[in-house]
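Student: build the 3D model from these lines:
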Amino acid sequence: MAMNQPRYICCFLLMLLCCGGKVAYSQDHFDRIAANIIQYLKADADTAKVQKAVSSFQSTMLPNGSWADIAYASKAETNWVPLMHLTRLKQFALLLAMQQGGQQQLEKQTLTGLRYWLQANSKSNNWFQNDIAAPTALGEILILLKVRKLPSVGLRDSLLTGMKQVNLIKAVGANKLDIAVHFIYRACITRDNSLMDTAVNQAFMPVSLSYKEGLQPDYSYRQHGPQLQIASYGQVFLNGEYKVASWLVGTPYAMPAEKLTILDRYLLDTYLKTIRGRYSDFNIEGRGISRNDVLDRLPITTQGGKNSLLALARTVNPDNARLLDEAEARITQKQAPAFQVTPAHAFFYKSDYTLHVRTFYSFNVRTVSKRTIRTEAGNKENITGKFLPDGATNIQVIGSEYNNIMPIWEWDKIPGITGRDYAADQKTTLEWGERGVGAFTGGASDGQYGLSVYGLDYNEVTAKKAWFFFDDEVVCLGAGINSYAREAITTTVNQSWQKGPVSAFVKGKVIDVSAGISTSELQWLWHDGIGYSFPDKGKISLTTGIQSGSWAAINANRSADILSGKVFKLWFNHGLDPVDQSYAYIVKPGLSEKEMMAHPTSPIRILANTSKLQAVEHTDLQMVQVAFYEAGTLTAGSYTITVDQPCVLFIKNVLAKNPVLYLSDPTQSLTDLYLGFSSAVFKVNDPISVSLPQGDYKGSTVHIDLNPR
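Tutor: Model (predicted):
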């Protein structure tokens, strides 16, 4: 890198003075980045454990540089054992980087092991292992060996050649970032400015809101097509971007400010808001929902190591330290799940997902449309997750309500869904995601309140499902439930771990139903800090018994050991061949049993629940929320709302002189619509023409002051 000569001399003299006459040599950016990477790789290493592992691997390495327990010819897609060879060599390189001198035998064995890797030429049937996992491990080994100025140029270049067999430019989302990382390793090793420019540009390219995969304009995250992946690949994306950004801080390659703003917003306003206490929403895990401990977010805190996600995010942007510290306090359980949680609501119109956060609970919903893909199965994972996108509701107060419950779930009774009641869990028949079929899926939001809808049309079951979100209540409505399937049709209210007593109000009195109940007279029920009200009653069943299963039944890569536990399972039974049936229930999370008994009713008026119109009014908030499945009119008391196209909307201050409208088009196909409104104190004389967002913002919410001043 060229330098300005006079300025260089001045800087040199200044360093001379500051060092007491000793000459101090500044590192160039390659050395600085390499040093940061080495520090990153060493940060969470336990010297004693590394030494013990290295000693064991040294003693079992064969003279040709291989290990007898590794099947180098394996082509497995997951748990690909040849990768163990590089994992062990990385431990060798790590110890060499941690120690100042000596270890000639270890150096020799490391180089012999690298030569054997080239000779073995192991390949997996999973491209990820070949194009990401193996090159990344090789890059880390070579970066660590820089401390010892190893290996020779010839061996180094042969290994680097093996790392380049992938097209970085064509890669997308988290995969692009993972590939860019080992390009950065190569650039540091070869001191190639052009390669570093390309690697960093591509590494930060996913921090954008304009890709079909990856981060979206609504700040959701999609991978493997238009499929929700906020945790899973979304967390890989966050870890990777903050990791690379931390290596480049203070260099010419540092992350641009505008991209850091985007990255921070995704972390703070989307990803962290899906976590309640220590545990995340099961809806955002993709096929990873079938992995044990996947909901536990402790690893993203400093308890997960110096290179944890939150630690890296602090390094890259110290301005967010307070918010990150608060999140860490909740996740590490040093503070309660409610600590510094502020209310928020969002509908992610690009991914058909609803996030509703309150201080004392979270209530999130996963849906699907013809624009998005149902939850994927693949690599023998998520074998029974077929119905996850059909309105699954994640209701958390403490946070652990669903942690590791998946092996013993009844998978046709995932919380919130309407579907067929099978005798056995159904397997997903199409791997890597099945496109949804309905068009009318969407939501409207003002950032605090909102409603969401899902036009269910799957597996011979149809229904109009809607959720209306307020502060203390979420109203769940279903109408137009039809099916001629062989099985009875059910709507599941919840299926979570059974914790403590269950109280219910049946036939005018409060009774203990901890052993379960099946009745048509249930008015409300309380369990584990959550109340459920049933304004229209219905045929409702509750079981609280032992359920059993194994991780292997939902993920063939996991243990087949049988697990058991008590499960709270509450559902409506719509029976065989339902025709135009409906349901209504109100969820009131975050209240005690005494509070439920004292205040079983809510300031909620269900104004309509049909296949044409669903509407709810919250009298205390003076808010009405409406799902119009076709053009029509809602008249309720002193106000009337009319639309000439299907839409969802809500009006705040509905009975005041300054009503405010929030509206969206769930079909994402309209350009405009007309709306009429009148109340006892205000009237729109002529229908208002509402222009709807287009392009990347189709399905987002329009905000209109109906009586601007």
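Student: how about the secondary structure of residue 363?
Tutor: Recorded secondary structure, residue 363: strand (DSSP: H, G, I helix; E, B strand; the rest coil).
Student: scratch that, residue 327
Tutor: Quick answer, by three-state DSSP: residue 327 is helix.
Student: I'd guessed it sits against residue 273; true?
Tutor: No - when contacts are counted by CB atoms under 8 Å, residue 327 is not listed as touching residue 273 (9.4 Å). Backbone N, C-alpha and C define where each C-beta goes, glycine included.
Student: ok, those two, which is more surrounded?
Tutor: Comparing residue 327 with residue 273 by neighbour count (other CB atoms under 10 Å), the higher total belongs to residue 327, at 26 against 22.
Student: and the spatially closest residue to that one that is not a sequence neighbour, its phi and psi?
Tutor: With sequence-adjacent residues excluded and distances taken as CB to CB, 6 or more residues apart in numbering, residue 327 is closest to residue 272, at 5.1 Å. Dihedral pair for residue 272: phi -70, psi -30, per degrees, to the nearest 10.
Student: pLDDT score for residue 272?
Tutor: You'll see residue 272 listed with a pLDDT of 98.
Student: could you count how many residues lie near it?
Tutor: 24.
Student: distance of it relative to residue 425?
Tutor: 32 Å (CB to CB, to the nearest Å).
Student: got it, and residue 128?
Tutor: 28 Å.
Student: more crowded one of these two?
Tutor: residue 425 (18 against 15).
Student: list the contacts of that one.
Tutor: Taking CB atoms under 8 Å, 6 or more residues apart in numbering, we find residue 425 in contact with 384, 410-412, 553.
Student: kindly recompute the last result at 6 Å.
Tutor: 384, 411 (CB atoms under 6 Å, 6 or more residues apart in numbering).
Student: wait, a helix at it?
Tutor: No - counting by three-state DSSP, residue 425 falls outside a helix, being coil.
Student: quote the end-to-end distance of stretch 592-612.
Tutor: 36 Å (CA to CA, to the nearest Å).
Student: flag every buried residue along that stretch.
Tutor: 593, 596, 600, 602, 604, 606-609, 611 (16 or more other CB atoms under 10 Å).
Student: mind listing which of these are in helices?
Tutor: Using DSSP state H, the members of the buried residues of stretch 592-612 that fall within helices are 593, 596.
Student: and the buried residues of stretch 592-612, which is the shakiest by pLDDT?
Tutor: Comparing these by pLDDT, residue 600 comes last, at 79.
Student: hang on, it packs against residue 524?
Tutor: Yes - taking contacts as CB atoms under 6 Å, residue 600 lies within contact range of residue 524: 4.9 Å.
Student: from residue 604, how far off is the closest residue to residue 621 other than its chain neighbours?
Tutor: Nearest non-adjacent residue to residue 621, counting by CB to CB, 6+ apart: residue 470, 6.4 Å away. Note on residue 470: its distance to residue 604, by CB to CB, is 8 Å.
Student: before we move on, what about residue 199?
Tutor: For residue 199, the distance to residue 604 - CB to CB - is 55 Å.
Student: same question, residue 534
Tutor: Distance, residue 534 to residue 604, by CB to CB: 12 Å.
Student: okay, helices next: where are they in the stretch 551-700 of the chain?
Tutor: 593-598 (DSSP state H, counting those that start in this stretch).
Student: for the helix or strand where residue 395 lies, what is the average pLDDT?
Tutor: Per DSSP states H and E: residue 395 is located in strand 392-396. Regarding strand 392-396, the rounded mean pLDDT is 98.
Student: equivalent analysis for stretch 333-347, please.
Tutor: For stretch 333-347, the per-residue pLDDT averages 98.
Student: between the two ends of that stretch, how far is it?
Tutor: 28 Å.
Student: how about it: buried residues?
Tutor: Result for stretch 333-347 [16+ other CB under 10 Å]: buried residues 335, 337, 341, 345-347.
Student: which residues touch that stretch?
Tutor: 276-278, 326, 329-330, 354-360, 399, 443, 445, 448-450, 452, 469.
Student: repeat for stretch 268-275
Tutor: Taking CB under 6 Å, 6+ apart as the rule, stretch 268-275 contacts 219, 230, 280-281, 284, 297, 323, 327, 355, 357.
Student: for the helix or strand harbouring residue 134, packing partners?
Tutor: Counting by DSSP H and E, the element that carries residue 134 is helix 134-145. Applying 3 or more CB pairs under 6 Å, 6 or more residues apart in numbering; DSSP states H and E, one finds that helix 134-145 contacts helix 83-98, helix 153-163, helix 173-190.
Student: run the chain-centre distance for the first one.
Tutor: Once both centres are worked out by CA atoms, centre = their mean, to the nearest Å, helix 83-98 turns out to sit 32 Å from its chain's centre.
Student: counting by contacts, list what it packs against.
Tutor: Checking 3+ CB pairs under 6 Å, 6+ apart, helix 83-98 ends up next to helix 47-60, helix 104-120, helix 134-145.
Student: got the ones you listed as JSON lines, with mean neighbour count, mean pLDDT and distance to residue 190 columns?
Tutor: Converted to JSON lines, these look like this (neighbours: other CB atoms under 10 Å; pLDDT from 0 to 100; distance: least, CB to CB, whole Å):
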{"stretch": "helix 47-60", "mean neighbour count": "13", "mean pLDDT": "96", "distance to residue 190": "27"}
{"stretch": "helix 104-120", "mean neighbour count": "17", "mean pLDDT": "97", "distance to residue 190": "17"}
{"stretch": "helix 134-145", "mean neighbour count": "23", "mean pLDDT": "97", "distance to residue 190": "10"}
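Student: what about the closest residue to residue 515 other than its chain neighbours, distance to residue 511?
Tutor: Of all residues not flanking residue 515 in the chain, residue 544 sits nearest, at 6.5 Å (CB to CB, 6+ apart). Going from residue 544 to residue 511 by CB to CB gives 14 Å.
Student: those two: which has the busier surroundings?
Tutor: Legend: neighbour count by other CB under 10 Å for residue 544 and residue 511, higher for residue 544 (18 against 12).
Student: before I go, just wanted to say thanks for your time.
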